[in-house]
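Q: Next comes the sequence, and after it the predicted model I'd like to discuss.
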Amino acid sequence: MSPDAATPTQIKPTWLATFRVYLEPPTLRMLALGFSAGLPLLLVLGTLSFWLREAGIDRTTIGYLSWVGLAYAFKWVWAPLVDRLPIPLLTRLLGRRRSWLLFSQLAIMAGLVAMSFNDPQQALQPVVWGALAVAFGSATQDIALDAYRIESADTDRQAALAAAYQTGYRLAMIWAGAGVLWIAARAEVAQAANYQFAAWQTAYLVMAASMAVGALTVLLSPEPAHAPVPVARNLGDWLRSALVEPFADFLRRYKWQAALILALIATYRISDVVMGIMANPFYVDMGYTKAEVAAVTKIYGVIMTLVGAFVGGALAMRLGVMRVLMLGAVLSAGSNLLFALLSTRGHDLTGLIWVISADNLASGIASAAFIAYLSSLTNISYSATQYALFSSMMLLLPKFLAGYSGRYVDAFGYPNFFIATALLGVPVLLLVWLASRIRLR
């Protein structure tokens, strides 16, 4: 039976009640924390690739450097520590979830400052180390924040919390995308060289300061109610409860169907992730200016993603998560074909606006439904570890393949690359259909 199938006792909420949930305190907190989660991602992947390409770094190297993002794919390795291990003094003052949130946010700030003081044109390696620090801090923040979100509301409100999280996340991406480009452009010295390191340094220092939004929200938010950590009699008991039991619990609940669910999680966002690494180099190579990219892809495009997130969250509450998951998969793969068409037109600002509109609307719908689906799979007793496993698997294969994106573009060109990324999404449709027939436990 599909998890979306309604029982005779279920009553759908009115549209007014559906949208009123966005004004509740847990939802508003998730808006601000989503901003904190979304800020680092572009700064070590998307915006960084723009900076590196402008500094003259070749596309193949940029593609390989996207493997920095594999930190997100392996966060399940240290998720049990974040789920169970207290931070001296900080956990006693703030609680288990908030202490790890604040700790990770401070690590992100430190990594961004380190990146800002190193010019990749002169020495690329220190920039990579700074990016790794930001990525690990960001992945750790995601672990704690996903658990915080799941524990902050019941299952019926998870889609709304996911939509609010996505909204904050995308607002941060405007700031970490358009904001960085705008600051860097304004900080440039007129009639100087096209690439000016000082301008990028200023932009990244501003981004480090912007993480204060998340830190302040953590300090002002309550610690959510969560399952108490069982007292371990010895190291073996602790390892069993922290490392083994979260994964064993998932396998006990779904048995052989766990393989199907994990296959869907591992491939659902593959089209978007693999394509996204080459998006900024594509804009540079097509001759789009910083101002054009900032306005169209980083502001207007993100607004379209926000619209998609709210629509996806509302549709998931009304129609069921799996139906919207299927819609998102179709739209995400299809929108990559529009990039293939755009790549044959050179510098076409109107075409870019239309393509970005379709792509980001699809991304917002898919993301809201997918986050709600992942949340529904977790057991609240192991929320941090299990959600970290799911969200890590979501990125592992796509990020690995994305590392070869620059080499693929160099060999076959942008049109073939975008078509190939669309085809990667076709098997996902079958997996969504099969997963929709599994009853959630």
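A: Nice, I can see it.
Q: going forward, measure contacts between C-alpha atoms and count neighbours the same way
A: Fine.
Q: Touching stretch 36-55 from outside, list them.
A: Taking C-alpha atoms under 8 Å, 6 or more residues apart in numbering as the criterion, the residues outside stretch 36-55 that touch it are 59, 62, 66, 68-69, 105, 108, 120-121, 131-132, 134-135, 138, 141-142, 168-173, 175-177, 180, 194-195, 200, 207, 211, 213-214, 276-277, 279-281, 284.
Q: Next step: those restricted to strands.
A: When the contacts of stretch 36-55 are checked against strands (DSSP state E), there are no matches.
Q: What subset of the residues you listed is buried?
A: Neighbour-count burial (16 or more other C-alpha atoms under 10 Å) applied to the contacts of stretch 36-55 gives 59, 62, 66, 68-69, 105, 108, 120-121, 131-132, 134-135, 138, 141-142, 168-173, 175-177, 180, 195, 200, 207, 211, 214, 276-277, 279-281, 284.
Q: Which ones among those residues map onto helices?
A: 59, 62, 105, 108, 131-132, 134-135, 138, 141-142, 168-173, 180, 200, 207, 214, 276, 279-281, 284 (DSSP state H).
Q: Where does pLDDT dip in the stretch 251-400 of the chain?
A: For the stretch 251-400 of the chain, residues meeting the criterion pLDDT under 70 lie at 380, 383-384.
Q: Output stretch 314-325 as CSV, nothing but the C-alphas.
A: The C-alpha coordinates for stretch 314-325 follow below in CSV (Å, rounded to 0.1, in the frame of the first residue of the first chain):
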residue,chain,number,x,y,z
ALA,A,314,2.0,22.6,0.4
LEU,A,315,1.4,19.9,-2.3
ALA,A,316,3.1,17.3,-0.2
MET,A,317,0.7,18.0,2.7
ARG,A,318,-2.3,18.0,0.3
LEU,A,319,-1.4,15.2,-2.2
GLY,A,320,1.2,13.1,-0.4
VAL,A,321,5.0,13.1,-0.4
MET,A,322,5.5,10.4,-3.0
ARG,A,323,3.4,12.0,-5.7
VAL,A,324,5.3,15.3,-5.4
LEU,A,325,8.6,13.3,-5.3
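Q: quick one: buried residues of it?
A: Burial within stretch 314-325, assessed by neighbour count using 16+ other C-alpha under 10 Å, is assigned to 314, 315, 316, 317, 318, 320, 321, 322, 323, 324, 325.
Q: from those residues, which single one is nearest residue 218?
A: Checking the buried residues of stretch 314-325 against residue 218 with C-alpha to C-alpha, the nearest one is residue 314 at 26.8 Å.
Q: does that closest one sit in a helix or strand, and which one?
A: In this assignment (DSSP states H and E), residue 314 forms part of helix 301-319.
Q: Show me what the next helix or strand after that helix is packed up against.
A: Along the chain past helix 301-319, the next helix or strand (assigned with DSSP H and E) turns out to be helix 321-342. The elements that helix 321-342 packs onto, with contact taken as 3 or more C-alpha pairs under 8 Å, 6 or more residues apart in numbering; DSSP states H and E, are helix 270-276, helix 301-319, helix 349-376, helix 414-423, helix 426-435.
Q: Next, count neighbours for residue 53.
A: Burial of residue 53, expressed as a neighbour count using other C-alpha atoms under 10 Å, amounts to 21.
Q: For residue 97, see how far away it is.
A: For residue 53, the distance to residue 97 equals 38 Å [C-alpha to C-alpha, to the nearest Å].
Q: Could you do residue 316 as well?
A: Using C-alpha to C-alpha, one gets 27 Å for the distance from residue 316 to residue 97.
Q: on that earlier part again, now for the helices and strands packed on helix 321-342, which one comes closest to residue 150?
A: Ranking the helices and strands packed on helix 321-342 by proximity to residue 150 (C-alpha to C-alpha) places helix 349-376 first, at 6.6 Å.
Q: Can you list the neighbours in contact with whatever helix or strand comes next after that closest one?
A: Sequence-wise, the next helix or strand beyond helix 349-376 is helix 383-402, with elements assigned using DSSP H and E. Contacts made with helix 383-402 from outside it, assessed by C-alpha under 8 Å, 6+ apart, are listed as 63, 66-67, 69-70, 72-76, 79-80, 82-83, 142-144, 146-147, 150-151, 246-247, 250, 262, 265-271, 273-275, 277, 374-375, 378-379.
Q: Show me what counts as buried in stretch 57-77.
A: Within stretch 57-77, the residues scored as buried using 16+ other C-alpha under 10 Å are 57, 59-76.
Q: Report the contact partners of residue 219.
A: Neighbouring residues of residue 219 by C-alpha under 8 Å, 6+ apart: 94, 98.
Q: Now do it against residue 33, distance only.
A: According to C-alpha to C-alpha, residue 219 and residue 33 sit 11 Å apart.
Q: ditto for residue 117
A: With distances taken as C-alpha to C-alpha, residue 117 is found 27 Å from residue 33.
Q: swap in residue 378?
A: According to C-alpha to C-alpha, residue 378 and residue 33 sit 20 Å apart.
Q: Among those two, which residue is more densely surrounded?
A: Counting neighbours by other C-alpha under 10 Å for residue 378 and for residue 33 shows that residue 33 has the greater number, 30 against 23.
Q: Quick check: closest non-adjacent residue to that one.
A: Closest residue to residue 33 apart from its sequence neighbours, by C-alpha to C-alpha, 6 or more residues apart in numbering: residue 214 at 5.5 Å.
Q: For residue 38, see how far away the one you found is.
A: Counting by C-alpha to C-alpha, the gap between residue 214 and residue 38 amounts to 10 Å.
Q: where are the low-confidence patches of the stretch 101-250 of the chain?
A: For the stretch 101-250 of the chain, counting by pLDDT under 70, the residues that fall below are 153-159, 191-193, 226-235, 238-239, 242-243.
Q: 80 instead?
A: 150, 152-163, 166, 170, 189-194, 225-247 (pLDDT under 80).
Q: and the angle from the helix or strand hosting residue 160 to helix 349-376?
A: Here residue 160 is covered by helix 158-174, with elements defined by DSSP H and E. Angular relation of helix 158-174 and helix 349-376 on a 0 to 180 degree scale: 140 degrees, by axes from the mean of the first three to the mean of the last three C-alpha atoms, to 10 degrees.
Q: so after the helix or strand where residue 37 lies, what's the next helix or strand?
A: Secondary structure here is read from DSSP H and E; on that basis residue 37 sits in helix 25-44. Going down the chain from helix 25-44, the next helix or strand is helix 46-54, by DSSP H and E.
Q: Flag every buried residue along that following helix.
A: 46, 47, 48, 49, 50, 51, 52, 53, 54.
Q: Could you count how many residues lie near the residue nearest to residue 188 when sequence neighbours are not counted?
A: The shortest distance from residue 188 to any residue that is not its chain neighbour, by C-alpha to C-alpha, 6+ apart, is 5.4 Å, and that residue is residue 199. The criterion is other C-alpha under 10 Å. On that basis, residue 199 has 20 neighbouring residues.
Q: for residue 199, what are its contacts?
A: Residues in contact with residue 199 (C-alpha under 8 Å, 6+ apart) are 183, 184, 185, 186, 187, 188.
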